[in-house]
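In: Dropping a prediction and its sequence here:
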Amino acid sequence: MTKNLLTRSSRYALILLVSFAALTFGQTTQTARELGSRTAKNGFKNETEIAAKFNNWKVDLDARDWIRTLGYEIDKVKSIEATKPHGEKSDVLVKIKTASGEFSEGISIKLVSSENGFNQIDKRWLSHYARMWNMPDDVLSALKLFLGEVTPNGKSRRPERMYFNELDENSRSAVLRFFTDNREQIVSDLFEGDGIYKAKWLMVAQKKSKTQRWVLRRIRDAASFFANGKVELTRNGNLKIGRITMQRKGGDGGRESAKMLQFKINPALLFETK
């Protein structure tokens, strides 16, 4: 009995020793591949994990696919550094070093859990958009009524603000004309931004139950897809630019931030594109 106990103890000790050695002295190629597979299955929770997957590109199978989609050959990549700029259009900035030089790829990331969820692409105070897009006075006045920055000047179903379909015809026409005529610049600003952290790509990552999928598209192609369609008022009195919805932020317990202007899309629609 003592002999059997010692044998079992020896086996247990040997297992611990082997496990410790594997963790301490590195992984075999097979172990690294298994780690990459596990990482792929457990990813897509947030932008930080996606950045980590890029940094683990040598073994992470998803990251290697993303790099190919970005237009790089894996065997020519020397190093990759993925970071998270704060408050920029690019949620993840990927710096890729190859024999040809160093390149930066800004990626805007939208995480979804269903086919019908909506995700904000931009939200700011009206005054910021007014400066950025050089809004004429009549459009600015209409949007102030829409957001509740000024009190309603006519019949409305809410005491603090008006919907577009409650504005007078001239105001409605001015808003529709402005967003139609300036659609290209507006959509570019909403999706891409500007400066060194300008987004060049849009990634949509979906986690549903135990399955995951992702799609990675050039930001201009994605923006064109979502902006495709009429500029029109919705039945609820908001504005749509193709598949993009513009609305008052609302919520926030009635604080001033509820009056911000917000643009939203359903990112899962990008899975329909080729």
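Out: Structure's in. What do you need? Computed from a predicted model, the values in this text were never measured in an experiment.
In: Show me the domain layout of this protein.
Out: 2-109, 119-194+225-272 (automatic domain parsing).
In: what residues are up against Asp122?
Out: 189-190, 262-263 (CB atoms under 8 Å, 6 or more residues apart in numbering). From N, CA and C alone the C-beta is placed, and that goes for glycine too.
In: from those, which ones fall inside strands?
Out: 262-263 (DSSP state E).
In: of all the contacts of Asp122, which two lie farthest apart?
Out: Asp189 and Gln262 (14.1 Å; CB to CB).
In: Met135 contacts Tyr129, doesn't it?
Out: Yes - contact status for Met135 versus Tyr129: in contact at 7.0 Å, counting by CB atoms under 8 Å.
In: quick one: common contacting residues for those two?
Out: Joint contacts of Met135 and Tyr129 (CB under 8 Å, 6+ apart) do not exist.
In: Please give the element, helix or strand, for Asp194.
Out: Assigned by DSSP states H and E, Asp194 falls within no helix or strand.
In: So what's the residue count around it?
Out: If you count neighbours by other CB atoms under 10 Å, Asp194 ends up with 12.
In: tell me the pLDDT at it?
Out: For Asp194, the pLDDT comes out at 80.
In: and if you look at Thr7?
Out: At Thr7, pLDDT is 50.
In: Glu49 too?
Out: For Glu49, the predicted pLDDT is 88.
In: That one belongs to a helix, doesn't it?
Out: Yes - per DSSP: H, G, I helix; E, B strand; the rest coil, Glu49 lies within a helix segment.
In: How much space separates it from Tyr163?
Out: Noted for Glu49: a distance of 39 Å to Tyr163, by CB to CB, to the nearest Å.
In: higher neighbour count, the two?
Out: More crowded of Glu49 and Tyr163, by other CB under 10 Å: Tyr163, with 21 against 15.
In: Tell me who's in contact with the more buried one.
Out: 146, 156-157, 236-238.
In: Sitting in helices, which of the residues you listed do you find?
Out: Mapping the contacts of Tyr163 onto helices (DSSP state H) picks out Phe146.
In: which among the contacts of Tyr163 gets closest to Gly71?
Out: Distances from Gly71 to these, taken by CB to CB, are shortest for Asn238, at 37.2 Å.
In: wait, the closest one sits on Gly250?
Out: No - in this structure, Asn238 is not within contact of Gly250 by CB under 8 Å, at 10.9 Å.
In: If you count surrounding residues, which of those two has more?
Out: Taking other CB under 10 Å, Asn238 and Gly250 do not tie; Asn238 has more neighbours (17 against 14).
In: Let me see the confidence value for the closest residue to that one other than its chain neighbours.
Out: Excluding the flanking residues, the one nearest Asn238 by CB to CB, 6 or more residues apart in numbering is Gln247, at 4.5 Å. With respect to pLDDT, Gln247 scores 95.
In: centre of the chain versus the helix or strand hosting Gln247, how much separation?
Out: Per DSSP H and E, Gln247 falls inside strand 244-248. Counting by CA atoms, centre = their mean, to the nearest Å, strand 244-248 is centred 17 Å from the centre of its parent chain.
In: Taking the contacts of Tyr163, tell me the two that lie furthest apart.
Out: That would be Ser156 and Asn238, which, of these, are the farthest apart (CB to CB) at 14.2 Å.
In: now Asp122: how far from Asn46?
Out: Counting by CB to CB, the gap from Asp122 to Asn46 is 20 Å.
In: That's all I had, so thanks and see you.
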